[in-house]
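Engineer: here you go, sequence then predicted model.
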Amino acid sequence: MKIGIIGQGYVGLTISAFSGSFFQVIGFDSNQRIVDQLNSGLSHIEGVESNAIQKLIKDGRYKATSDGRDISNVDIVVIAVPTPLTTDRKPDLTYIDAACRTIGENIRNPILVINESTSFPGTLRNFIKPAIEKYSNNLVAHMYAISPERVDPGRGDFNQKNTPRLYAGLTPEASTLTQEFYSKFCDNLVEVSSPEVAEAAKLFENTFRQVNIALVNEFAQIAHSLGISVYETLDAANTKPYGFMKFTPSAGVGGHCIPVDPTYLAAVAEEHGAPATFIRRANEVNLEMSKYVVDRVQADNGGSLKGKSVLVVGVAYKPNVADVRETAAELVIEHLRSRGAVVSWHDNVVGLWKGERSAPLTSADIVVVVTMHDSVNAADVKASAPYVFDTTGKIDGVHGL
Ligand SMILES: NC(=O)c1ccc[n+]([C@@H]2O[C@H](COP(=O)([O-])OP(=O)(O)OC[C@H]3O[C@@H](n4cnc5c(N)ncnc54)[C@H](O)[C@@H]3O)[C@@H](O)[C@H]2O)c1
């Protein structure tokens, strides 16, 4: 069987690498630079090794392309394109629409279309299917299914094989084929009764995390005002063997999922007249953390940051990845600069970001740690400034949440 995977980013390339052992894979991406890089055997995604891509290419099992005609004779197509928010923070389905156009205009025989991109309930039935039908002039009756992606880039213990995968087809035939496809490289497939349940479950998983992170971020502020350690209190609560799950405070949430997916759920809830006040407020609390951190740093440093050199350590949204999407570091830097601080950042995993290069981990007046990669040495961070504020809780004996 030949599989077309639209989008060769974190999700699409990961699926390409896993499914390439069993199927012939065509990785379609609209970014020519990524296509060229992949065809030369270089992976741009943590967790997908370049030598795995090289082996697939050598065995004739993988090819990247930006030409839609190359997916015209696939048996299954998987959609793995971005689903961000618009500038007014509404669901942005333009990438999904473009993927539907590629499918509709190029695939003339009926196949199975699986969506892995995260979106609100009803996207498969009411957006993807009609869009593909429109772009193919209603000439082809495809089968449709959803299987939301749960990949956690950079994670070693859970991967495509051992992470349970939800799925549902619009028809029983679509469900059966979807099960057959994923069962080749995933051990635990969980069928749900409708695509809407699978779509909603994915959003709820990430909303659960967003709300709990907001709760612990608010609690960090409460603990500080009470003069107690938030970390010791959380560890104490975590001795309860049931009914508690530990989340840790931070400068905010980043990445493509936690700051974005709950807003998809809130938007569709409000469209249906259901309140999403909790979700909206959690988002605000997480966004406000960057200001809280900078307020604390300013208060500790004589009430003014004007002219002070501040080094922000870690600008990726989480440890050991180069992903800076929605990173809390961006807001921290904005707040610092708006108060007159002279800001640089150190992150050797990211290297280059917004036209600026990672600065060396050397002397500054103030260091604010937003993300600690494993490659960063705590002693080096401590030695780099007389005042260090750590938002990660990983460095002992410095200021922090
Ligand atoms: N990254 C994660 O950890 C993760 C986890 C679970 C779910 N998801 C979801 O998976 C989806 C994809 O996310 P990602 O992290 O892989 O994004 P990404 O930005 O890493 O990759 C998306 C790729 O799609 C390409 N692309 C954009 N429009 C295209 C088009 N019309 N045709 C072909 N290629 C196109 C981009 O060039 C890019 O290479 C999103 O809905 C996201 O919410 C992501």
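Structural biologist: Arrived safely.

Engineer: contacts and neighbour counts: CA atoms only from here.
Structural biologist: Fine.

Engineer: which SS class is the residue nearest to the spatial centre of the chain?
Structural biologist: In the chain, the centroid-proximal residue (C-alpha atoms, centre = their mean) is residue 256; its distance is 3.4 Å. The three-state label for residue 256, taken from DSSP: H, G, I helix; E, B strand; the rest coil, comes out as coil.

Engineer: tell me the pLDDT at it?
Structural biologist: We note a pLDDT of 86 for residue 256 in this prediction.

Engineer: spit out the contact partners of it.
Structural biologist: For residue 256, the contacting residues are 84, 325, 326, by C-alpha atoms under 8 Å, 6 or more residues apart in numbering.

Engineer: switch to 6 Å and redo it
Structural biologist: Residues in contact with residue 256 (C-alpha atoms under 6 Å, 6 or more residues apart in numbering): none are found.

Engineer: return the distance of the top helix by length along the chain from the chain's centre.
Structural biologist: Assignment by DSSP state H gives helix 195-226 as the longest helix of the chain. The chain centroid and the centroid of helix 195-226 are separated by 15 Å under C-alpha atoms, centre = their mean, to the nearest Å.

Engineer: the helix or strand that comes right after that helix: how far from the chain's middle?
Structural biologist: Following helix 195-226 in sequence order, the next helix or strand is helix 230-237 (DSSP states H and E). Put simply, helix 230-237 sits 27 Å off its chain's centre (C-alpha atoms, centre = their mean).

Engineer: quick check: angle from helix 230-237 to helix 195-226?
Structural biologist: 120 degrees (axes from the mean of the first three to the mean of the last three C-alpha atoms, to 10 degrees).

Engineer: what mean pLDDT does helix 230-237 get?
Structural biologist: On average, the pLDDT along helix 230-237 is 98.

Engineer: repeat for stretch 209-218
Structural biologist: 98.

Engineer: in that stretch, which residues are buried?
Structural biologist: 209, 210, 211, 212, 213, 214, 215, 216, 217, 218 (16 or more other C-alpha atoms under 10 Å).

Engineer: can you classify the nearest residue to the last one once chain neighbours are set aside by secondary structure?
Structural biologist: The shortest distance from residue 218 to any non-neighbouring residue, by C-alpha to C-alpha, 6 or more residues apart in numbering, is to residue 285 (7.1 Å). On the three-state scheme (three-state DSSP), residue 285 is labelled helix.

Engineer: what count of nearby residues applies to residue 285?
Structural biologist: 20 (other C-alpha atoms under 10 Å).

Engineer: next one, pLDDT for it please.
Structural biologist: Taking residue 285 on its own, its pLDDT is 97.

Engineer: how much space separates it from residue 208?
Structural biologist: 14 Å (C-alpha to C-alpha, to the nearest Å).

Engineer: got it, and residue 302?
Structural biologist: Using C-alpha to C-alpha, residue 302 is found at 38 Å from residue 208.

Engineer: neighbour count winner among those two?
Structural biologist: Neighbours were tallied for residue 302 and for residue 208 using other C-alpha under 10 Å; the higher tally belongs to residue 208 (13 against 8).

Engineer: from residue 104, how far out is the more buried one?
Structural biologist: Plainly put, residue 208 is 35 Å away from residue 104 if you go by C-alpha to C-alpha.

Engineer: next: residue 303.
Structural biologist: 59 Å.

Engineer: who's more crowded, the two?
Structural biologist: Per other C-alpha under 10 Å, whichever of residue 303 and residue 104 has more neighbours is residue 104, with 24 against 11.

Engineer: and that one, what helix or strand is that in?
Structural biologist: Using DSSP H and E, residue 104 maps to helix 94-106.

Engineer: tell me the helix or strand right after that helix.
Structural biologist: strand 112-115.

Engineer: wait, does that following strand make contact with the ligand?
Structural biologist: No: contact between strand 112-115 and the ligand is absent, the nearest approach being 9.1 Å (criterion: C-alpha under 6 Å from any ligand atom).

Engineer: mind listing what the closest residue to residue 30 other than its chain neighbours touches?
Structural biologist: Of all residues beyond its chain neighbours, the one nearest residue 30 is residue 66 (5.3 Å), with distances taken as C-alpha to C-alpha, 6+ apart. If you count contacts by C-alpha under 6 Å, 6+ apart, residue 66 has them with 28, 29, 30.

Engineer: looking at those, state which has the most neighbours.
Structural biologist: residue 28 (29 neighbours).

Engineer: can I assume it is in contact with residue 65?
Structural biologist: Yes: Residue 28 lies in contact with residue 65 (C-alpha atoms under 6 Å); the separation is 4.9 Å.

Engineer: hang on, residue 78 in a helix?
Structural biologist: No: going by three-state DSSP, the assignment for residue 78 is strand, not a helix.

Engineer: so what sits opposite it in the bridge?
Structural biologist: Following DSSP bridges, residue 78 is listed with bridge partners residue 5, residue 114.

Engineer: verify the stated contact: residue 63 with residue 26.
Structural biologist: Yes: contact criterion C-alpha under 6 Å: residue 63 and residue 26 qualify, at 5.1 Å.

Engineer: residue 118 - how many residues pack around it?
Structural biologist: Residue 118 has 26 neighbours, counted by other C-alpha under 10 Å.

Engineer: now do the contacts for it.
Structural biologist: Contacts of residue 118 (C-alpha under 6 Å, 6+ apart): none.

Engineer: angles on the backbone of it, please.
Structural biologist: With angles defined as degrees, to the nearest 10, residue 118 sits at phi -80, psi 130.
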